[in-house]
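K.L.:
Below are the sequence and a predicted model; questions follow.
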Amino acid sequence: MTYSIHKSIDISFAHHIRGHKGHCINMHGHTWKFEVGLMSEELDAQGFVLDFSTLKTKLLEPIHSLLDHALAIGEDTYNDIADDLEPMGVKLLASRQELHGEINTSEREVVRFEQAENRYPGGLKVAVFPFSPTSERFSKWLYDAARATLEDDRVKIRYARIFETLHPVESVAEYWPVKSSGES
């Protein structure tokens, strides 16, 4: 008998796909859903595959902190445009000062999680990845992050799923590892 759980988190952020032939060359945003599925042959002493709060605090919350209201781009793109993002970030944040009389810099928390990190050129929140952030690459990144963070001898990561656009129609990318003939 195999037990299975899954949990997801919704995140609003923008991305840019380096070299894309179509519209995704432009910076654009989505409301994304990041979902991970876990399985186990045996439950723990409390009767769980994994406590949902552990899944949330160790995996989903750090990802949310990294990406929420950020621009997600690859390292190559960041290196090309960081100097251009600096004055844009300064100008965008200046609108806060016009309305509120100050610019709050306390929200500039740098999150580093599984080879990705926040950078703040001119105060603009950017999430930089070692790849161009497509849904497919995010699904593999989420799977690998879940394995590194949560998997052990008992708990296995079943899949990672990225919902790029929740409304009006879902667009979904998944990563399921292919087992070789000798694996169970």
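P.N.:
That came through fine.
K.L.:
For the residue sitting nearest the centre point of the chain, give me its contacts.
P.N.:
Centre of the chain computed as the mean C-alpha position; nearest residue by C-alpha atoms, centre = their mean is Ile63, 4.9 Å away. With contact taken as C-beta atoms under 8 Å, 6 or more residues apart in numbering, Ile63 is in contact with 9, 11, 34, 113, 142, 145. In this view, the C-beta of every residue, glycine as well, is placed from N, C-alpha and C.
K.L.:
Please flag which of these sit within strands.
P.N.:
Among the contacts of Ile63, the members falling in strands (DSSP state E) are 9, 11, 34, 113.
K.L.:
What residues of the longest helix along the chain count as buried?
P.N.:
Longest among the helix segments of the chain by residue count, using DSSP state H, is helix 75-100. Buried residues in helix 75-100, defined by neighbour count with 16 or more other C-beta atoms under 10 Å: 75, 77-78, 85, 89, 93.
K.L.:
any idea which of these is the one closest to His30?
P.N.:
For these, the closest approach to His30 (C-beta to C-beta) belongs to Thr77, at 17.6 Å.
K.L.:
helix/strand/coil for the spatially closest residue to the closest one that is not a sequence neighbour?
P.N.:
Sequence neighbours aside, Arg18 is the residue nearest to Thr77 in space, at 5.0 Å (criterion: C-beta to C-beta, 6 or more residues apart in numbering). For Arg18, the secondary structure call by DSSP: H, G, I helix; E, B strand; the rest coil comes out as coil.
K.L.:
Strands along the chain, start to end?
P.N.:
3-15, 28-40, 71-74, 112-113, 116-119, 126-129, 156-165, 171-175.
K.L.:
Tabulate these (JSON lines), appending mean neighbour count and mean pLDDT.
P.N.:
Listed next are the strands of the chain as JSON lines, based on neighbours: other C-beta atoms under 10 Å; pLDDT from 0 to 100:
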{"stretch": "strand 3-15", "mean neighbour count": "17", "mean pLDDT": "97"}
{"stretch": "strand 28-40", "mean neighbour count": "19", "mean pLDDT": "96"}
{"stretch": "strand 71-74", "mean neighbour count": "24", "mean pLDDT": "98"}
{"stretch": "strand 112-113", "mean neighbour count": "14", "mean pLDDT": "96"}
{"stretch": "strand 116-119", "mean neighbour count": "18", "mean pLDDT": "98"}
{"stretch": "strand 126-129", "mean neighbour count": "22", "mean pLDDT": "98"}
{"stretch": "strand 156-165", "mean neighbour count": "20", "mean pLDDT": "94"}
{"stretch": "strand 171-175", "mean neighbour count": "16", "mean pLDDT": "86"}
